[in-house]
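1. Structure of the sequence below:
(chains A and B)
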Amino acid sequence: GENVEQHPSTLSVQEGDSAVIKCTYSDSASNYFPWYKQELGKGPQLIIDIRSNVGEKKDQRIAVTLNKTAKHFSLHITETQPEDSAVYFCAASSPRSSYKLIFGSGTRLLVRP
Amino acid sequence: DAEITQSPRHKITETGRQVTLACHQTWNHNNMFWYRQDLGHGLRLIHYSYGVQDTNKGEVSDGYSVSRSNTEDLPLTLESAASSQTSVYFCASSDRGSGEAFFGQGTRLTVV
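-> Numbers count the residues shown, from 1 in each chain, chains lettered A, B, ... in the order given. Coordinates of the predicted model:
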């Protein structure tokens, strides 16, 4: 079945700097890759997603890139702000696994003021 | 507004007791999922359903069961609670076509 690995597990950046979180997946048939943000005491919230027919997607300060050949995708946050501090999860979904979302282990991002 | 709600938000139970966690969504989504979240493991899939009367096992299904009698609800039952089942449980739902999943606020379960 699908396996998703996420790195780093923790990331500390200075406010205003960029942050990059990387994920790799195992199932070459995976075609949907969402990113979730989880704040303390809350459920994960979708922040951006990408499908396999595009290589990059942007939404204001966040962007996701996908390299299908290497089977990895990344989340980029520019001009980080303290409110970006949270745990971020990547996930992948494949028709071979009935479109279940399989999650990475999460990255705790700390933005230092 | 459509939403997905879980209850209770917190639960303490004793080892060996049966426990049911509720999940209710008003999105009219076909797909519903239960995950558990533990430090260092991210979100692991317990059970999922693609529609009424359909249920499937996820990667960590032992000791858990679900039933889907209507579109809105997917209750998760721990048949005989164990300390290893102490965790935070999240329910999610998604539309069959989009794949975008919406999560509930979670239930923190402690088994003592």
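
2. quick one: low-confidence ranges for the chain?
-> In the absence of a named chain, this looks at chain A. A:98 (pLDDT under 70).

3. You answered for a different chain; I wanted chain B.
-> Low-confidence segments of chain B, defined by pLDDT under 70: B:97-98.

4. ok, 90 please
-> B:1-2, B:39-42, B:95-100 (pLDDT under 90).

5. Nearest residue to the middle of it?
-> Computing the C-alpha centroid of chain B and ranking residues by Cα atoms, centre = their mean puts B:Trp34 first, at 3.1 Å.

6. At which residues are the helices of chain B located?
-> Applying DSSP state H to chain B gives no helices.

7. Return the residues of it in contact with chain A.
-> With the criterion set to Cβ under 8 Å from any Cβ of the partner chain, chain B comes near chain A through B:31, B:33, B:35, B:40-45, B:48, B:50, B:56, B:58-59, B:90, B:92, B:94, B:99-106. In short, each C-beta sits where N, CA and C put it, glycine included.

8. swap the cut-off to 10 Å and go again
-> B:4, B:6, B:9, B:31, B:33, B:35, B:37, B:39-45, B:48, B:50, B:56, B:58-59, B:88, B:90-92, B:94, B:96-106, B:108 (Cβ under 10 Å from any Cβ of the partner chain).

9. Spell out which residues of chain A are next to chain B.
-> A:1, A:4, A:6, A:9, A:31-34, A:36, A:38, A:41-46, A:49, A:51, A:87, A:89-91, A:93, A:97-107.
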